[in-house]
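A.B. asks: fold the following.
(2 chains, ligands or ions: 2)
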Amino acid sequence: MQIAIASGKGGTGKTSLAVSLFLANRDRSRLLDCDVEEPNCHLFLATRFVSRTSVEKRIPLLNPDLCKHCGKCVEACQFNALAEAGKAGILVFEELCHSCGGCTFVCPTGALHETPLKMGAITRALVAGKAELITGALAIGHTETPSLIRAVKKTRPDPEVAFTLIDAPPGTACAFAAAVEHTDFVLLVAEETPFGLHDLKLAIKALQKMEIPFAVVLNRMRPGFSSVLEFCKEKNYPLWLQIPESRAIAETYARGGTLLDAMPELEESLRLLLDQCAEAILCNPRN
Amino acid sequence: MKIAFSTNGNTLESLLDTRFGRCSRFLILDTETNHYEILENTQNLNAVQGAGIQSAQTVLETGAQALITGHCGPKAFKVLHAAGIAIYLADNRPIDELAKTFAAGKLAELTDADVEGHW
Ligand code: SF4
Ligand code: SF4
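C.D. replies: Ligands and ions are numbered 1, 2, ... in the order given. Here you go, the predicted model:
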């Protein structure tokens, strides 16, 4: 079962929750850090490095001697990754290339051929003995966020590990969509602020469109603030866990500790939370 | 010499559109004859990526030797620069006024991209 931990914006404590959920359930889950532009789960975990593989994409390489400046490749590229710059010839913007192969296919002179380019890496590490942390990280200057996220999600779990937890990138744009697509369930982390509610609504809208079931985890509850709480009640959205705002959590986080370090008593709730997700997935008529 | 201006208008009195990649059209002015033509840039407004690259190609095809616009991202700059087109930055003032300023040599030439894309 794939369960993503997401939030409509950054800074809601999403990573801290993902890491804590993983730790509390380390005997039956693995964690994929899909925040590939800024992966940080490993900062909160004592890990043992296992392996690293690079993720490549194929880009066209130009042999200027064979190029007849016909412009067919530029016309074929749907992504504006090629340009004809007068006498300077064909320019390739590799960061825009989606590796469709179209340009190489249409080139009448064989001036283009595909060559691999590293866009990121996937690192495998172990936590507390045998729990697996898989981290995707984009190479500097690269922006192929969705492709790399999909590559991280394609890594195969040990068949004995029941849950794959996914730390999704913040926001509701294409990176978020790539992280939550095809997952069985999403835990949306929200915080109790006016912006928090707004971003939660955006994330819910996106998930409803993608038809992915979800539940809300409310972080940093403060006395006197209840907009997210009331919203969930009014709409009948499941609110499965509420974490109070506390100085101890903030201080632990600043020292590189997790939610679980600050509130060890949460372990039981976090195991229950995953059970609840599993139950919802099994009861989902789509499955 | 031919100069390209990014604009939303249709005449020499129109204002410069400071966005290069996503301006609605280009006005190409021939400084010798003072004749001008208008070139639509509409397909670019909707391009998901590389709008600046396409705009640069459009300008290239007009045979203009100089471009006057408000901002130019790194990719468009690379194309224009490689093709030997000089880029000058200006504010959203009327095109005829800018043409005079340009003729007087008072517009600064851009030697490196001035914005990080998405213009
Ligand atoms: S492979 Fe496809 S996306 Fe990449 S440059 Fe060629 S046509 Fe464009
Ligand atoms: S299609 Fe081939 S020959 Fe034509 S411009 Fe592109 S690289 Fe050159």
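
A.B. asks: can you tell me how far residue A:227 sits from ligand 1?
C.D. replies: Look at residue A:227 and ligand 1: by C-beta to the nearest ligand atom, to the nearest Å, they are 44 Å apart. (C-beta placed from N, C-alpha, C; glycine too.)

A.B. asks: now do the SS call for the closest residue to that residue other than its chain neighbours.
C.D. replies: Closest residue to residue A:227 in three dimensions, ignoring its sequence neighbours and counting by C-beta to C-beta, 6 or more residues apart in numbering or on different chains: residue A:197, at 4.8 Å. The three-state label given to residue A:197 by DSSP: H, G, I helix; E, B strand; the rest coil is helix.

A.B. asks: and the residue of chain B that's closest to ligand 2?
C.D. replies: residue B:57 (12.5 Å; C-beta to the nearest ligand atom).

A.B. asks: just to revisit the earlier point, isn't the residue nearest to residue A:227 right next to residue A:231, touching?
C.D. replies: Yes. Using C-beta atoms under 8 Å, residue A:197 is in contact with residue A:231, at 6.0 Å.

A.B. asks: what touches both of the two?
C.D. replies: Contact criterion C-beta atoms under 8 Å, 6 or more residues apart in numbering or on different chains; no residue bridges residue A:197 and residue A:231 by contacting each.

A.B. asks: hmm, back to that, what's the local residue count around the closest residue to the residue of chain B closest to ligand 2 other than its chain neighbours?
C.D. replies: Excluding its sequence neighbours, the residue lying closest to residue B:57 (C-beta to C-beta, 6+ apart) is residue A:83, at 5.7 Å. Using other C-beta atoms under 10 Å in any protein chain shown, the number of residues around residue A:83 comes to 29.

A.B. asks: I figured residue A:83 hits residue B:77, correct?
C.D. replies: No. Using C-beta under 8 Å as the test, residue A:83 is too far from residue B:77 to be in contact (11.5 Å).

A.B. asks: enumerate every residue touching the residue of the stretch 151-287 of chain A found nearest chain B.
C.D. replies: In the stretch 151-287 of chain A, the residue that lies nearest chain B is residue A:174 (10.0 Å; C-beta to the nearest C-beta). By C-beta under 8 Å, 6+ apart, residue A:174 lies in contact with A:145, A:146.

A.B. asks: that one and ligand 1, how far apart?
C.D. replies: The gap separating residue A:174 from ligand 1 is 16 Å, by C-beta to the nearest ligand atom.

A.B. asks: next: residue B:78.
C.D. replies: 15 Å.

A.B. asks: assumed that residue was part of a helix.
C.D. replies: Yes. Residue B:78: assigned to a helix according to three-state DSSP.
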